[in-house]
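# Following is a predicted model, sequence given first.
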2 protein chains.
Amino acid sequence: MDKTAPQQCLVTFLPSGRSIPLAVGETLLKAAQQVGLHINASCGGSGFCGKCRVIIRAGAVEGGGNEKLSAADQSAGWRHACTAVVKGEVTVEIPASSGQLSGGLSTGVPERHRTQLRRYDLEELRRAGLLQPPVEKLFLELPRPSPLDNMADAKRVIQGLHNQYEERAMVVSLSVLRKLRRVLREDDFRVTVTLARPVHPHRGKNFLVNIQAGNWTRRSFGLVFDIGTTTIYGQLIDLNSGAIMGGEGDYNAQISYGEDVINRIIHAETPAGLETMRELTATTINQLIARLLAGTGTEADEITSITIAGNTTMTHLFLGLEPHAIRRAPYVPVSTFFPPMRASDLGLALPSHCVALVFPAISSYVGGDIVAGVMGSGIYRSPALTLYIDIGTNAEIVIGNREWLACAACSAGPAFEGGGITDGMRAADGAIKDFSLDPATLEPMNITIGNRPPLGICGSGLLIIVATLLTHGVIDRRGKFKRQPESPRLREGRSGWEFVLVWQAEGGSDHDLVINEVDIDNLIRAKAAIYAGIKTLVEEVGLAMADLEQIILAGAFGSFIDLDAAMAIGLLPEVPPGKVTYVGNGALMGGRLSELSNHIRRDVVEVVNRMTSFELSEVANFKEQYVASLFLPHTDLELFPETAKRLGISNGRDETIRPPNLL
Amino acid sequence: MDKTAPQQCLVTFLPSGRSIPLAVGETLLKAAQQVGLHINASCGGSGFCGKCRVIIRAGAVEGGGNEKLSAADQSAGWRHACTAVVKGEVTVEIPASSGQLSGGLSTGVPERHRTQLRRYDLEELRRAGLLQPPVEKLFLELPRPSPLDNMADAKRVIQGLHNQYEERAMVVSLSVLRKLRRVLREDDFRVTVTLARPVHPHRGKNFLVNIQAGNWTRRSFGLVFDIGTTTIYGQLIDLNSGAIMGGEGDYNAQISYGEDVINRIIHAETPAGLETMRELTATTINQLIARLLAGTGTEADEITSITIAGNTTMTHLFLGLEPHAIRRAPYVPVSTFFPPMRASDLGLALPSHCVALVFPAISSYVGGDIVAGVMGSGIYRSPALTLYIDIGTNAEIVIGNREWLACAACSAGPAFEGGGITDGMRAADGAIKDFSLDPATLEPMNITIGNRPPLGICGSGLLIIVATLLTHGVIDRRGKFKRQPESPRLREGRSGWEFVLVWQAEGGSDHDLVINEVDIDNLIRAKAAIYAGIKTLVEEVGLAMADLEQIILAGAFGSFIDLDAAMAIGLLPEVPPGKVTYVGNGALMGGRLSELSNHIRRDVVEVVNRMTSFELSEVANFKEQYVASLFLPHTDLELFPETAKRLGISNGRDETIRPPNLL
């Protein structure tokens, strides 16, 4: 062994059995990342969140940061993977609660919201003759060369495109030129050409990116991907019919490096970190592509285009652009527009003729996924004043109609994704998603995803729990327990007063599942940031909340939001429930449309150029709005007349409640 | 040793000492090609030309095809490399006469023609504001981002280009996006961007291909290359001043595979043959680039663009396009237009930001080099009816003016490059380039290149020799020796009657240097093809030879043509000598102009689209014209009144001479 190299020892992970030699002094988290296993590390490995719990089965580790583990747990071998340092050979078990979630990922909208789902009308585009993909296959039957017609092969093709399809201004790629002679003559000058169109027909040229012998126009497929911080979703589209042939989703493999974009950026700033992030995204996408192809009997070579929408950070990381300035004021992305690229240049397992089209972004925190959602939901063509909102760790807000559009982003924190909540978890099997309470006994009813024994609370469940506690008078408008009527479920815990949702004996966890005042406060802060963001944006454009005519909820979390609960706690402004639309994954919806219609792609550019972006931190009024929102549902009950009625409190400003001075 | 593999034996070449293991049964020519040594093989290794003579110094070879070697030579070890088959270890000397010529290559025009050299006026372009390179560096001083101005880095650059230079419609390449954040902040948002412009400003977009921190606009250089079948020439251009900083030339490394385009195409049709041809050209260009950079203290990274002009076959081979259909009727190239490319994608040792611009061609046999010559010589802007001609193995002919342009190519055979002539050689040291005769004694005076002892006859020398023999009455108008007055120099040789130009004792060769009737006949056929091509083209556009107002001679051979001789033998139409212009390498001249002016590049496209191309083999009249031209200077002396006067023959049709029926 080389004496100058650090000593290495073998780390083996259970249940997978994968092992890797690791330098002494490195952490178990790093070992897991290197061997491609996922350990939850919400805080990006800073030792703060306490979610990366693993069990040492053989050997020993060193390192501190075990304060969040009970003495019993510690003696049973539990450690935090992010602080446990390897000193010798070790075998480590990653428990299901710390590892990759196996629950199915859904791009859809749950059954109970499905009637409200609004689909953009493909037929409408078809009737208007706008269903012309940006990348399209066209069949040509060309005359054979003769002594009196011996123009170059490339010119013959270009002339054919002009004569048969009125296509002009063509650039023939070098790779097509290199096979042109052979392909033209393979089926007697009958060929299928793949054309990549410019956004504006008169401001660019068509690119001839592929040529095949014979007629292959019926075999033309496109991929659409939404690169999220947590999850990546993809669909395979038949570019002739517009049909969705298949859909797949998985966790973004970057997740091992932290759950939010900030941790990803911090890692991307390290040497080779950006390349690691880029590769991880590409790997996840490639795995999904393989599943989409296998599931539909499609060949990679038949994919003519891939449209990608993602938040600005994810887009940067996937393209290998330095995200450094995104996380520091004044929050500058490298670019918001991205040129058409070769999919193979991006590390995707797709043929070099496949064109990658990346959705433009608005700003560092309003990304291509939101732009795609605006396109997919059609709000840019609607006369109604609409609020489009995608809630996650960050919430992106768009307000406007066909006349104008404004947007902003606000940092909500991880509460809606189960983060920062004592018994919070992602929306996976065992998560409490619905909740009700017997008003007399305070006995709860918990409904979980997959009807499994309860393991924790997901974001949408949290909303319903807090709203229920509020409407039943268990907590007051500041989110504090009223402590009456008394109940064994109401008790003082480690973090103050808490309500026991599930006794350990009745649940699937090793402890009572609770919600405490700190959890509720975290939720209030999260919803306050979002509501204040909406209100600030509305008022910045000179309108009032009452002017909002409809709300479109996008994103995984948005699809599961219970409207009554959301309005009861003051997350969303009060509008008649019939005016709320769930679009599910708006990014995929918009991506698919723009992949099917170059006309829509043109609209995308127009929408981006037209959108006014507000930096909430620069708007003086925002902080005031935030503080006013730190109540359930709000300091000003006039904004929530229906909720006030249900809560049985006076309609009007409740002068007894004054927000704490947080300034 | 693997029993299934063919047995190998070592072949060592002198004087270089390079050796290579070769499979038994392969030829010495193949060994030399593999080891990167040049052996003349004009016929492409078919055993026909007899120019690939080598001397076996140790070991033995087998194989026939030695008819062109004397018994003495054979016993001294001389063999033909293309037919000599290796059976065991062997040491082979490549004599200077068979190897790579070491004579300097010149892109220029000889002293005696220099006063007639016409240069396109750069100043004129500059005054008209047209000196704007297709690829240009621009310096930007941008405002720093602030909370109220936090647009994306890319948008900041694009806006700066618009504000400071009124540039619009920009595509930022992925490689620039990937370094943009860092480079912008390296010198406080002072950057130099490299812009690649579209041919038409309103029919395409600017590409931002590079960005550097600080002001580097003074260091912007371009390369111009002329890829010829025999030779490749390059120049390094200062894109700010337009100055030529250096020039280099060398033999095209493909030459080992045959001297003419047909042999190259045949090899490119073999498996991996095209890739070999492509690599050899790239290798030669890379060597020339290295010399150009070293000679001028320039870094490869400072090269912003490379403009390439070549004949259609060379362009195809360099780009890796299949040339198969070029050599078969109806002579179809893959393409005549080529998109802008990354120089690094073409195997050039240039940075990936360097843009390669390839001159468009007209047809399979009128290439980008001719288009560049038309641009460089400015005939497309001249009111005078002009003949532009580039003579080599093929002669390309352009006729026209600023109103219209027509072109054709004709196959002249290798006579003008010293091929197919008993003692022919390339224009290198020792080649007879000028010649005169004592009319009484028939004693010749030979002047050679480099004033070396005569080794052979180059093309321009051949012209003068035949013209002199004709005007002195040594040969008749059919090119046959009149055999009087008698002289020891006039004798019957192996190929019929011949004239001894140099006695062995007085020359540098191992035999008497002669010209015989077969040689003269070869020259007559070559010049007849060209003259017939010109006359056919002129008449096809409804004009007569007398309408030609000026002649522009391009190409290496063209620069050395003696006008009196050319008109005496009927190669060129008779015009007043003052109306003849030598442009030397027209391709480099035009390439440089279009590299300095996007306006000229626009003109190039227009010229190509405007040019009418004639396929001489499809013009009924051509064969008739050819047969009528098989006399010195022509059957019809009215076309050559001055020559007729000098020859002292009657002005008018000489009825005693009837062309042989060749039809």
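Nice, I can see it.

# got the contact list for stretch A:479-488?
A:440-442, A:466, A:473-476, A:490, A:497, A:499-500, A:517, A:520-521, A:523-524, A:632 (CB atoms under 8 Å, 6 or more residues apart in numbering or on different chains). C-betas here are computed from N, CA, C, even on glycine.

# Okay, buried residues for it please.
A:Gly479, A:Phe481 (16 or more other CB atoms under 10 Å in any protein chain shown).

# Just the buried ones from the contacts of stretch A:479-488?
A:442, A:466, A:474-475, A:490, A:497, A:499-500, A:517, A:520-521, A:523-524, A:632.

# Pick out the residue of the stretch 501-650 of chain A closest to chain B.
Distances between the stretch 501-650 of chain A and chain B by CB to the nearest CB are smallest at A:Glu618, namely 5.2 Å.

# Return the residues in contact with A:Thr229.
Here A:Thr229 is in contact with A:Asn252, A:Gln254, A:Glu259, A:Asp260, A:Val261, A:Arg264, A:Asn311, A:Thr313, A:Met314, A:Gly392, A:Thr393 (CB under 8 Å, 6+ apart).

# Which residues of the stretch 251-400 of chain A lie near chain B?
Neighbours of chain B within the stretch 251-400 of chain A, by CB under 8 Å from any CB of the partner chain: A:319-322, A:324-325, A:329-339, A:341, A:345, A:361, A:363-364.

# Go again with 10 Å.
A:274, A:312, A:316, A:319-326, A:329-342, A:345-346, A:358, A:360-364 (CB under 10 Å from any CB of the partner chain).

# can you pull the pLDDT of A:Val583?
Per-residue pLDDT puts A:Val583 at 85.

# Would you agree it is in contact with A:Asp369?
No: using CB atoms under 10 Å, A:Val583 is not in contact with A:Asp369; the gap is 11.9 Å.

# list residues touching both of the two?
Taking CB atoms under 10 Å, 6 or more residues apart in numbering or on different chains as the contact rule, A:Val583 and A:Asp369 both touch A:Asp390, A:Ala554, A:Gly555, A:Gly590.

# pLDDT on stretch A:192-206, on average?
If you average the pLDDT over stretch A:192-206, you get 92.

# re the thing from before, the residues of the stretch 251-400 of chain A next to chain B, buried ones only, as a PyMOL selection?
In PyMOL, a selection of the buried entries from these looks like this (16+ other CB under 10 Å):
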select buried, chain A and resi 274+312+316+319+320+321+322+323+324+325+326+330+331+332+333+334+335+336+337+338+339+340+341+342+346+358+360+361+362+363+364
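
# Please flag which of the residues of the stretch 251-400 of chain A next to chain B sit within helices.
Residues from these lying in helices, with DSSP state H as the criterion: A:Leu274, A:Thr312, A:His316, A:Leu319.

# tell me which of those is nearest to A:Ser305?
A:Ser305 lies nearest to A:Leu319 out of those, by CB to CB, at 16.5 Å.

# Was I right to think the closest one contacts A:Arg278?
Yes: A:Leu319 is within contact range of A:Arg278, at 7.5 Å (criterion: CB under 10 Å).

# Identify the contacts common to those two.
Counting by CB under 10 Å, 6+ apart, the contacts common to A:Leu319 and A:Arg278 are A:Leu346.

# Could you chop chain A up by domain?
Split into domains by automatic domain parsing, chain A comes to A:8-93, A:134-213, A:221-358, A:415-523.

# Of those domains, flag the one that's most buried.
Burial among these, expressed as mean neighbours by mean count of other CB atoms under 10 Å in any protein chain shown, is greatest for domain A:221-358, which shows a mean of 21.

# What's the end-to-end length of that one?
Taking CA to CA, to the nearest Å, domain A:221-358 runs 17 Å from one end to the other.
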